[in-house]
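K.L.:
pasting the structure only:
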């Protein structure tokens, strides 16, 4: 099996702070943001992860 893309998902209590951190330090762009779920694409001159990085609000998972 060959890995072509990496798409991590992080559970956090503060999606906004995570978005701000990745936008500031990795030139990330939000490609989807509904408040409790965030999908970022890393860009610019900094490090990158193929595909997207996702952040999910911890309490949103508890409601499921």
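P.N.:
That came through, no problem. Note that the structure is a prediction, hence the values are computed from the model and not measured.
K.L.:
biggest helix in the chain by residues?
P.N.:
In the chain, assigned by DSSP state H, the helix with the most residues is helix 15-26.
K.L.:
The following helix or strand past that one: partners in the sheet, and parallel or antiparallel?
P.N.:
Counting by DSSP states H and E, the element after helix 15-26 in chain order, helix or strand, is strand 29-33. Strands that pair with strand 29-33, judged by DSSP bridges, come out as strand 37-41 (antiparallel).
K.L.:
as a whole number, average confidence for the strand it pairs with?
P.N.:
Average pLDDT, strand 37-41: 83.
K.L.:
what angle do that strand and helix 15-26 make?
P.N.:
Interaxial angle, strand 37-41 versus helix 15-26 (axes from the mean of the first three to the mean of the last three Cα atoms, to 10 degrees): 10 degrees.
K.L.:
can you pull the buried residues of strand 37-41?
P.N.:
By neighbour count with 16 or more other Cβ atoms under 10 Å, strand 37-41 contains the buried residues 38, 39, 40, 41. Yep, even glycine has a C-beta here, placed from its N, CA and C like the rest.
K.L.:
ok, of the residues you listed, which one's closest to residue 13?
P.N.:
Checking the buried residues of strand 37-41 against residue 13 with Cβ to Cβ, the nearest one is residue 38 at 13.1 Å.
K.L.:
List the beta-bridge partners for that closest one.
P.N.:
Beta-bridge partners for residue 38, by DSSP bridges, are residue 33, residue 55.
K.L.:
Does it touch residue 14 like I think?
P.N.:
No. Judged on Cβ atoms under 8 Å, residue 38 makes no contact with residue 14 at a distance of 10.8 Å.
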